[in-house]
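A.B. asks: predicted coordinates and the sequence they were generated for:
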Amino acid sequence: MEQTGNLPNAEYRRFEGVREYEELIDGLIPQTQRIIRVFDRTLSRAWNSPQRHEALRQFLLTNRVNRLFIVVHDAEPIERECPRMLDIVRQFSAAVRIHETLSPAKHVYDPFVVFDSSHYVHRFHYHYLRAAHGANDVIGAQQLLDRYAEIWEASAHAVSAGISGL
């Protein structure tokens, strides 16, 4: 038997479509035990949906050590178009961080979300519909977590609980 270092039930599959991408995110939030890491150009409108808002709220209420980290290239639309996400930031200010990339990371073009350290969804380019889903894929998730750490280092705090003008 080949030793891959992955969980025995690891799965990886490719798909096309933003709808499936968003549905997978919605399905994985309730399964997450500890941390969700998001990287995207900006947050889609799905991050402002009542269902995702409630799922994130429940995730953060489940355990006070749960965390939501988000890095985007452009944080301004969050403040303008995602009042439910701002509500999450206000309600869970100790557990939610939203950063915006700085110049060294502005060239990164493939959005992804990693749930804990074994599940993820990954779009190969924000302009295209091709994506992948990894379930119990520790190796694939670790590659994205390594990239996320680099992106996080090349970002700065962008959205806080004290947003005015709402």
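C.D. replies: Alright, I've got the coordinates.
A.B. asks: kindly list the longest helix within the protein.
C.D. replies: Secondary structure assigned by DSSP state H gives helix 138-153 as the longest helix of the chain.
A.B. asks: how about the residue nearest the centre of the chain: what's its closest non-neighbour residue?
C.D. replies: The residue lying closest to the centre of the chain (C-alpha atoms, centre = their mean) is residue 38, at 2.0 Å. Spatial nearest neighbour of residue 38, chain neighbours left out: residue 70 (4.3 Å); criterion: C-beta to C-beta, 6 or more residues apart in numbering. Bear in mind the C-beta positions are built from the backbone N, C-alpha and C, glycine included.
A.B. asks: and what of residue 32?
C.D. replies: Leaving out its chain neighbours, the residue that sits closest to residue 32 by C-beta to C-beta, 6+ apart is residue 115, at 4.4 Å.
A.B. asks: per-residue confidence at that neighbour?
C.D. replies: Per-residue confidence (pLDDT) for residue 115: 98.
A.B. asks: need the contact list for it.
C.D. replies: Neighbouring residues of residue 115 by C-beta atoms under 8 Å, 6 or more residues apart in numbering: 28, 29, 31, 32, 35, 36.
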